[in-house]
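Visitor: Generate coordinates for the sequence data below:
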Amino acid sequence: MSPTPTKIRVLVVDDSAFVRQALARMLGSEPDIEVVGQARDGLEGLEMARELRPDVITLDVKMPRLDGLETLQRLIPVQHVPVLLMSSLTQEGAEITLRGLELGALDFVDKSRAQGQMNLLSLAEEVRTKVRALAGSAVARGEHPTEAPPP
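Guide: Model prediction:
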């Protein structure tokens, strides 16, 4: 009997209970993805990331207590985990998203394309595809692409 493939373990970090539930449903319905935790803000997300050691984190940009950018600044230096930013891209949001990519997020999803929270499921295929891609990234394999290779 062949071993059961390992599921991609995802931590969802978003201040909206509706968005957390929607992401958990859309990701958890896939046979190769498991949502291992849901955090309400960056502080809770950092704690859960440390405890749960997820393969991928979906991270909202705008949150109370600790926003997505500050969370990235604290997370990436201590835990190399692929991060998918979830952002509503206004002009200001676009600049924030670019800053998030500079800080170590590997990709982003524009939540504003869902035309409101009630249609978030319209982004399901994009989110699932990006989570799978990030799980297979060099960062997920423990490689650090920003570091120079050994001589």
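
Visitor: Okay, strands next: where are they in the protein?
Guide: Taking DSSP state E as the test, the strands found in the chain are 8-13, 33-39, 56-60, 83-87, 107-110.

Visitor: tell me the most buried of those strands?
Guide: The highest mean neighbour count among the strands of the chain, using mean count of other CB atoms under 10 Å, belongs to strand 56-60: a mean of 28. To be clear about C-beta, it is placed using only N, CA and C from the backbone, and glycine gets the same treatment.

Visitor: Now the strands of the chain in a markdown table, please, with extra columns for distance to A124 and mean pLDDT.
Guide: A markdown table is the format used below for these (distance: least, CB to CB, whole Å; pLDDT from 0 to 100):
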| stretch | distance to A124 | mean pLDDT |
| --- | --- | --- |
| strand 8-13 | 13 | 97 |
| strand 33-39 | 11 | 97 |
| strand 56-60 | 12 | 96 |
| strand 83-87 | 13 | 92 |
| strand 107-110 | 10 | 90 |
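
Visitor: Enumerate the beta-bridge partners assigned to the residue nearest the centre of the chain.
Guide: Centrality entry for the chain: nearest residue to the mean C-alpha point is T58, 1.9 Å, by CA atoms, centre = their mean. T58 has the following beta-bridge partners by DSSP bridges: V12, L84.
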